[in-house]
Every structure is written in structure tokens, then in C-alpha cells.
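Colleague: next comes the sequence, and after it the predicted model I'd like to discuss.
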Amino acid sequence: GPLIFGHQDPDVRAAVESALGRGWSYGATEAGSLELAEWITSRVRGVEQLRFVNSGTEAVMSALRVARAATGRARILKFDGCYHGHADSMLVRAGSGLAEMTKPDSAGVTEHLAADTLVAPLDDDEAVRRIFEAHGSSIAAVIIEPLPANYGLLPQRDAFLNSLVTMARKHGSLVIFDEVISGFRVALGGMAERLRIEPDLVTYGKVIGGGFPVGAYGGRRDLMELVAPVGPVYQAGTLSANPVAIAAGLTTLRKLEAHPPYAALERRTQETAQAIVKLAAGRSAAPVRVQAVGSLFWIVLDDDTQRSAPLRSIAAIPPGHRTRFASLFHALLERGVYLAPSGFEVGFFSTAHTDADVEQFLAAFDGALAAAHRQ
Ligand code: PLP
């Protein structure tokens, strides 16, 4: 995910080596981080100020703190199927059907912490409306991956995202777009640009550091000015905006602007997705679906041939997918292709992938289908 130009991109490598030659920890803002911040604030609408941290988790944790400080409210609404890093309050899942019955999703997270997080299903306008009507006045913010990519790839309807924003605004809650995956990957301005929605706060990770540890949160100036030392929200980090990592990020983003890879990556991803589906049909294998947006793809081993609409929520994922994906994963591995091992992780194309890589992948995929057929 972070490596949109692949491993060992020569420009990123040269920038990192040059940064190393200057030093690697100053404990003060240096030119590179200022440049990266200015680069982003001058190009991404709605990001008027931003603060660097070391990971997506830290970015989310800090953005939530700002939202709570700005609104004086405690609760956060998140969505089942979205991942926002491992801050305690985000390791929470829906309980028995009701948003208010949330449960810790990790050992070590207390019920008390989980209680301030509400959880809604994706793609469900009615559930969002119910939750805001019942709890709107205590919700500081709603946080969502505008392109959910941590429980498979579950693209949301524009209308759903727009009505979520409208609902939040109506109730005085802030909107946080978690663009840790989608930021700079689906467009320079991430999903916010594609959707033409301006969230109040946004979180970044992955591509922003070009494969090195950089995260950031940013947004409206009045909100970001709540952060210390200007404002009362404490947040700091000894190693934040590390100059070597920042050099990798700045070079990556500049290169994305100078040679935008987005259209070519999207074409390759779509063509590969179509080829996968065709191979499965040709082998009369059980139907395979590939959901793809930008350079992200998710192979779904689908057991419902009738459905044509994209899968948009956890409930829509075919029950047989998990075990069938495990078999596919091992069959591909035996043929030299290593996908992410969970059937709920997405794949990413980078500019380093070649036609030959895609051919090798498709040949392995076909071989795996043939082997499954013989069993
Ligand atoms: N938010 C999203 C959408 C993510 O996908 C991730 C990580 O995958 C995170 C936050 C957490 O980022 P990190 O792993 O850098 O802490």
C-alpha cells in the first residue's frame, strides 16, 4: 500500500540517501517537513494545516482528540468493516445489533473505552439516521474510510457518503475521512477529491511517507489551531516528521504530481480484474468477482451468480469466501505468487509492476483454478 512506486524507486532512494547525509533527527521543524506540509496544504482542498506523526494510528488517535476538544462531546461513530489503526477507542465492534452495544475488539481494551464508540454498518443510511437521531448531540465526530479497504474493498455509494456528511453537519458532529490507504493513492487529493467532499479533518499514512514512517492529520485551520502549542489539545512526538522519512514522502508526492500514474494504474487494475473473471469463467470454476477502484483490487470468491451490484458491506460478503480464499492463497503461493494471506485484505498495483508480472500472476491464477477443478 505505501509503495505506489514499488520497492527501490531510484528517486526516493536518492532523496533518502541525501537526507541521511545531512542528519536524521533534529527535534525541530526542518525545511523538508515544512515543504511537505506546504505541498499538501496548497494542493488538497480543505487541508489548511496539518501535523506530522509517525503512523496512521497516531494520526487517527490525534484527530479524534481534536474532534472531542472542538465539540466538547465524547462519542465517536465508526463503521463496521473500517479499520482505523490500533488506538483503543477504534478497536471496537458492534455488539448485539444495536449501535450502543459496542464491545472491545481486542484484549486489553476496556468496556468503558468501548462505550464511547458507536458502530454502524456500512451502506446503511437508515442505521446512520437512527444513530444520529438517538445520539447526535453526544457525537463529536464520525470517522470513515471513504473507500473502505480493510474488510475487502467495499466501495460506498456517493449518496450514502453525502447523506452521512449532511447528517453529521445537521447534528454538529465533525466528519473525519481516514485516507490512510486512499490518500495520494486514488488521486492526489484522495477520495475527498474524487467525491468532491471536504471533510473537517483528514488522516494520512502509507503513501505520504513513500514507504517510511510518516502519518499526518489535518483539516480546517480553526480545528488544527486547537493543537498545542497554539491550542489546548496536547499532541507531540520526539521522532515525528523525521527528516529521512519526510524526504521519502516529499519525493513520492512530487513525483506523483510530475508523472501522475493514476490512469495507467487504474487501467492495469481493471484489465487484470477482467482477466481474472474471464479465466474463472473459462474453467467453469465457481464464480469469481473482483472489486477494483483505482489501483486497489479485491478478489471475492463469490457463491452468488445472480448478484451484479458491488458488495458494499460486511453482510454482503459471501459466507464461503473466507475458506475458498485460503485455498486460493496456498495454490497461488505454490505457483510463486504471494497475495496478502487474508481474504479480507486488498491488493495494490504499483508502477513497478510490469506486463510480465501480470502475466505471471494470471498464469498462476489459471493454474490454481485448474488444480481446484481436478480435486
Ligand atoms: N487507517 C487505515 C484506513 C488503515 O488502513 C490503517 C492501516 O492499515 C491505519 C489507519 C493505521 O495505520 P498504521 O498501520 O500506519 O498505524
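Modeller: Happy to help now that I have it.
Colleague: quick check: the one residue in the stretch 201-350 of the chain that gets nearest to the ligand vs V290, distance?
Modeller: The stretch 201-350 of the chain approaches the ligand most closely through G205 (4.2 Å), counting by C-beta to the nearest ligand atom. For every residue, glycine as well, the C-beta is placed using N, CA and C. For G205, the distance to V290 equals 25 Å [C-beta to C-beta, to the nearest Å].
Colleague: tell me which of these two has more neighbours.
Modeller: Each of G205 and V290 has its neighbours counted (other C-beta atoms under 10 Å); G205 has more, 27 against 20.
Colleague: quick one: the helices in the protein?
Modeller: Remark: helices assigned in the chain by DSSP state H are 10-22, 31-41, 56-71, 111-114, 125-135, 158-170, 190-195, 221-224, 243-258, 262-282, 321-334, 355-374.
Colleague: low-confidence ranges in the protein?
Modeller: Along the chain, segments meeting pLDDT under 70 span 96-100, 303-306, 373-375.
Colleague: quick one: contacts for the residue most central in space within it?
Modeller: Closest residue to the average C-alpha location of the chain: I181 at 3.0 Å, with C-alpha atoms, centre = their mean. Counting by C-beta atoms under 8 Å, 6 or more residues apart in numbering, I181 makes contact with 1, 145, 147, 149-150, 205-206, 296, 346.
Colleague: again, only this time at 7 Å
Modeller: By C-beta atoms under 7 Å, 6 or more residues apart in numbering, the residues touching I181 are 1, 145, 149, 206.
Colleague: tell me the one of the residues you listed nearest Q270?
Modeller: Using C-beta to C-beta, A149 is the member of the contacts of I181 that sits closest to Q270, with 16.5 Å.
Colleague: burial count for whichever residue of the chain sits closest to the ligand?
Modeller: Closest to the ligand within the chain is G56: 2.3 Å, counting by C-beta to the nearest ligand atom. Per other C-beta under 10 Å, the neighbour tally for G56 reads 30.
Colleague: skipping its backbone neighbours, what lies nearest it in space?
Modeller: G205 (3.0 Å; C-beta to C-beta, 6 or more residues apart in numbering).
Colleague: got the phi and psi for the one you found?
Modeller: Per-residue torsions, G205: phi -160, psi -160 (degrees, to the nearest 10).
Colleague: what's the spacing between it and N162?
Modeller: 25 Å.
Colleague: try F79
Modeller: Applying C-beta to C-beta, the value for F79 to N162 is 15 Å.
Colleague: out of these two, which sits in the busier spot?
Modeller: F79 (28 against 14).
Colleague: show me what contacts the nearest residue to that one once chain neighbours are set aside?
Modeller: In this structure, F79 finds its nearest non-sequential neighbour in L122, 5.0 Å apart by C-beta to C-beta, 6+ apart. When contacts are counted by C-beta under 7 Å, 6+ apart, L122 is found next to 79-81, 148, 154, 156, 312-313.
Colleague: okay if I get those residues as TSV plus distance to A114?
Modeller: Output for these, formatted as TSV (distance: C-beta to C-beta, whole Å):
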residue	distance to A114
F79	15
D80	13
G81	17
P148	21
L154	23
Q156	24
R312	25
S313	21
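Colleague: which ones among those map onto strands?
Modeller: Within the contacts of L122, residues falling in strands by DSSP state E are 79-80.
Colleague: need the winner for burial among the helices of the chain.
Modeller: For those, the largest average neighbour count (mean count of other C-beta atoms under 10 Å) is found in helix 56-71, namely a mean of 24.
Colleague: for the stretch 201-350 of the chain, what lies in contact range of the ligand?
Modeller: Counting by C-beta under 6 Å from any ligand atom, the residues of the stretch 201-350 of the chain close to the ligand are 205, 215.
Colleague: isn't S62 up against S55?
Modeller: No. With contact defined as C-beta atoms under 7 Å, S62 does not reach S55; the gap is 10.7 Å.
Colleague: how many neighbouring residues does the nearest residue to R194 once chain neighbours are set aside have?
Modeller: Spatial nearest neighbour of R194, chain neighbours left out: A187 (5.4 Å); criterion: C-beta to C-beta, 6+ apart. A187 has 18 neighbours, counted by other C-beta under 10 Å.
Colleague: check contacts around A187.
Modeller: 193-194, 262.
Colleague: how far away is the closest residue to K78 other than its chain neighbours from F177?
Modeller: Spatially, and ignoring its direct neighbours in sequence, K78 is nearest to I143 (5.3 Å; C-beta to C-beta, 6+ apart). The gap separating I143 from F177 is 8 Å, by C-beta to C-beta.
Colleague: these two - which one has more neighbours?
Modeller: Higher neighbour count among I143 and F177: F177, with 30 against 26, using other C-beta under 10 Å.
Colleague: wouldn't that one be in contact with E198 here?
Modeller: No. In this structure F177 lies outside contact range of E198 using C-beta under 7 Å: 9.1 Å.
Colleague: which neighbours do the two share?
Modeller: Joint contacts of F177 and E198 (C-beta under 7 Å, 6+ apart) are A192.
Colleague: so the residue of the chain closest to the ligand sits right up against V214, yeah?
Modeller: No. In this structure, G56 is not within contact of V214 by C-beta under 7 Å, at 9.7 Å.
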